[in-house]
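J.: give me a 3D structure for the following:
(chains A and B, ligands or ions: 3)
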Amino acid sequence: MSAAEGGRAPLDPADVDLAVDLCGLRMPTPVMTASGCAAAGRELDQFFDVTSIGAVVTKSIMRSPRSGRPTPRMVETPSGMLNSIGLQGPGIDAFLARDLPWLVQRGARAFVSIAGETADEYVELARRVGQAPGVAGIEVNISCPNVENRGMVFACDPDSSYRVLSEVRPHIPDDIPVFAKLTPDVTDITIVAGAAADAGADGVTVINTLLGIAMDPDTLRPRLGGVTGGLSGPAVRPVAVRAVWQIRRALPDLPIIGVGGIRTGFDALEMVLAGAAAVQVGTVIFHDPSAPVRVADELRDELAVRGFASLDEVRGLAHV
Amino acid sequence: MTVTQARGRVVSRTPVGDYHHLVIAVEGIAEHTRPGHFVALAVGGADSGMLLRRAFSIYRTSTTGRYGPTVEVVFAAHGKGTRWMADLAPEDEIDVVGPMGRPFALPKEKVACILVGGGYGSAPMFSLASALRERGSSAHFVLGAATTPRLFGVLEANRVGSSVHVTTEDGSTGTRGRVTDVLEGLVDDVEAAVVYACGPMGMLRAVADLAEDAGAWSQCVVEESMACGVGVCMTCVLPVEGEDGLVRMVRSCVEGPVFRGDRVRWDAVGTIPPGTLGAPR
Ligand SMILES: Cc1cc2nc3c(=O)[nH]c(=O)nc-3n(C[C@H](O)[C@H](O)[C@H](O)COP(=O)(O)OP(=O)(O)OC[C@H]3O[C@@H](n4cnc5c(N)ncnc54)[C@H](O)[C@@H]3O)c2cc1C
Ligand SMILES: Cc1cc2nc3c(=O)[nH]c(=O)nc-3n(C[C@H](O)[C@H](O)[C@H](O)COP(=O)(O)O)c2cc1C
Ligand code: FES
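T.: Ligands and ions are numbered 1, 2, ... in the order given. All right, here's what the predicted structure looks like:
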């Protein structure tokens, strides 16, 4: 007997409350954009009202302008894609002068993603973003290489994850939630999540892309200019749901943002059932630029047919 | 600029030479289209594993036909997505985003213009020719391809063009050789002020260089792999020199796909040339 048949009467979707409180940040829906898949929100505002979604998570910003890696930077793979953008971006000065003010003025919840190659870089970025007016949250993307530590990815190592988050947290006002974005390319993601939480992160965002390579049938060499790339899209969703599930199990009180391959409202519900407090949609935006709104609408319907009036009723439900 | 995402309905798909000519009835796009714009089509159907849209130059639009507003593209079936498109039939549905990109810049004065199309790259040139001629400029066509079936639109060029030159590499139609072989003389003959080009990267580079040497402006439509087409992902970049002399990795979907030929660092496409803004040091 399914849960829907198990007694709950379907609701009118209009009676489902999708609002969430993410560590004090109130969002009308749990659906945010994923970093790197929405730039700073402006382009997507042509397709939907960016103030209507949970939050706009901006492309990871670094200290200096970055050109990124050579092209080709993208390969389509079954139900997914590999990208090797290499964090191309304008640098923090231009971001604070131009991109962030637009989002804030527009009235969107701006969740700023920051990335650095050294712990000091993260600190400087955290301080500057933390002081900027209108920031709703900060996502610390520690899924990039740490130049101080032989290029190893920060989030592959609990100690470097702890170090970055503990140095960053004091520079950000307490009322701005700080999430650590983790990579699934580790043996035990719960240990890294625990380290981030111990260091003062308010929650974790999982998952970033998985490292992959695709070969060119003509040249018989890697297709991406950057050789390796990050795999994303529906192909990675089970990995993401697993990561959310494991972290919820290990750290039941740690807020989790679930991201990876969400394409439909049910995909978002899967994350919430596994324990996510909010979700992000990334690659699917490339297919359907209105996806952040559509996924929320579909999630509302998924809850309504099963007779759930709010997200609190389903969060982590798969664990009980 | 208005970009719309809308569900379209296939009106027809007809083979033309080695290509397919696709007419889609779709609301909200035709009326905003200018020559040089492109559309991005979702391929593979609702449950497809093909996530990324495919970009196509807009060949023609109509706002008054019996199917309502329509958008037309010409495509070559070579990969998975375009092969799926080659099976489209009337009444099939297809999701369309458009019009996208920056269109061709049109000269303010009445001047001589040359429109160079390589293969299906001629598709965006016919609406451009009409726009140019409406403004009193001339529009001389140079259409080239490897073989005759890969030429597109020679008859139509004869109708809307001020003159038409055709090249094929196998010599089966027109002059044997490449577009540049006839372009060189033509630029001088007609005293061209602007050369417009759409086709493979190598052709664009040769045309841009030739135009620059002849003292003409060039406007080139580039085809970079695009994941989003709307400016959010940064996959579609190429090195372009700004007015300040600084090279930046620029998004071809929103800052292009039409670029001034003298601004693109053709020699460095596929690399991050030293000195580029933000290049690794
Ligand atoms: C602005 C623009 C205008 C274009 N206009 C036309 C047109 O008028 N007619 C036409 O036939 N083709 C055009 N193309 C190329 C067309 O987008 C590709 O041929 C098509 O995407 C290939 O898809 P596929 O499924 O056959 O190939 P696949 O190899 O299965 O595609 C896999 C991925 O790579 C990308 N890709 C593959 N080849 C190219 C390419 N040559 N250029 C860009 N992306 C590519 C695809 O978009 C897709 O995301 C244009 C491309 C751009 C960027
Ligand atoms: C083109 C592209 C660029 C990305 N850039 C970033 C980035 O700058 N920072 C970051 O934390 N994650 C980045 N990501 C990862 C996404 O935020 C997300 O974690 C991942 O793609 C999985 O979600 P998805 O399957 O919904 O896309 C990027 C992903 C893609 C596809
Ligand atoms: S294709 Fe995404 S930015 Fe151009």
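
J.: residue A:224 and residue B:213: what is the separation?
T.: As for residue A:224, its distance to residue B:213 is 35 Å (criterion: CB to CB, to the nearest Å). Bear in mind the C-beta positions are built from the backbone N, C-alpha and C, glycine included.

J.: residue B:152 and residue B:141 touch, don't they?
T.: No. Applying CB atoms under 8 Å, one finds residue B:152 not in contact with residue B:141, separated by 11.3 Å.

J.: which strand or helix spans the closest residue in space to residue B:240 that isn't next to it in sequence?
T.: Computed as CB to CB, 6 or more residues apart in numbering or on different chains, the closest residue to residue B:240 that is not its neighbour in sequence is residue B:250, at 4.2 Å. Using DSSP states H and E, residue B:250 sits in strand B:247-251.

J.: please apply the same query to residue A:186.
T.: Here residue A:186, judged by DSSP H and E, is contained in no helix and no strand.

J.: pLDDT at the residue lying closest to it once chain neighbours are set aside, what is it?
T.: For residue A:186, ignoring the flanking residues on the chain, the nearest one in space by CB to CB, 6+ apart is residue A:156 at 5.4 Å. For residue A:156, the model assigns a pLDDT of 92.

J.: where does the residue of chain A found nearest ligand 1 land in three-state SS?
T.: The nearest approach of chain A to ligand 1 comes at residue A:76, 4.2 Å away (CB to the nearest ligand atom). Using DSSP: H, G, I helix; E, B strand; the rest coil, the structure places residue A:76 in strand.

J.: OK, contacts around residue B:225?
T.: Residue B:225 makes contact with A:71, A:72, A:73, A:74, B:235, B:236, according to CB atoms under 8 Å, 6 or more residues apart in numbering or on different chains.

J.: is it correct that it falls within a strand?
T.: No. Judged by three-state DSSP, residue B:225 forms no part of a strand; its state is coil.

J.: CA atoms only: put the strand holding residue B:250 into PDB for me.
T.: Presented in PDB, the C-alpha positions along strand B:247-251 are these (Å, rounded to 0.1, in the frame of the first residue of the first chain):
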ATOM      1  CA  VAL B 247      41.500  40.200 -24.700                       C
ATOM      2  CA  ARG B 248      38.700  38.600 -22.700                       C
ATOM      3  CA  MET B 249      37.000  35.200 -22.900                       C
ATOM      4  CA  VAL B 250      33.600  36.300 -24.100                       C
ATOM      5  CA  ARG B 251      30.400  34.400 -24.200                       C
END
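
J.: what's the following helix or strand after that strand?
T.: The element immediately downstream of strand B:247-251 (helix or strand, assigned by DSSP H and E) is strand B:258-260.

J.: show the average pLDDT along that next one.
T.: 98.

J.: what does stretch B:87-106 give?
T.: Mean predicted lDDT for stretch B:87-106 stands at 97.

J.: ok, that stretch near chain A or not?
T.: Yes. Stretch B:87-106 comes into contact with chain A (CB under 8 Å from any CB of the partner chain), by way of B:95, B:97.

J.: so for that stretch, what gets flagged as buried?
T.: B:88, B:94-104, B:106 (16 or more other CB atoms under 10 Å in any protein chain shown).

J.: picking that back up, tell me the phi and psi of the residue nearest to residue A:186?
T.: phi -90, psi -10 (degrees, to the nearest 10).

J.: up against ligand 1, what does chain A have?
T.: Taking CB under 6 Å from any ligand atom, the part of chain A that reaches ligand 1 is made up of residue A:76.

J.: specify the strand with the largest residue count in chain A.
T.: strand A:135-141 (DSSP state E).

J.: list the contacts of whichever helix or strand comes after it.
T.: Downstream of strand A:135-141, the next assigned helix or strand under DSSP H and E is helix A:158-168. With CB under 8 Å, 6+ apart as the test, helix A:158-168 has contacts from A:116, A:119, A:122-123, A:126, A:140, A:142, A:146, A:149, A:152, A:154-155, A:178, A:180, A:182, A:191-192, A:194-196, A:198-201.
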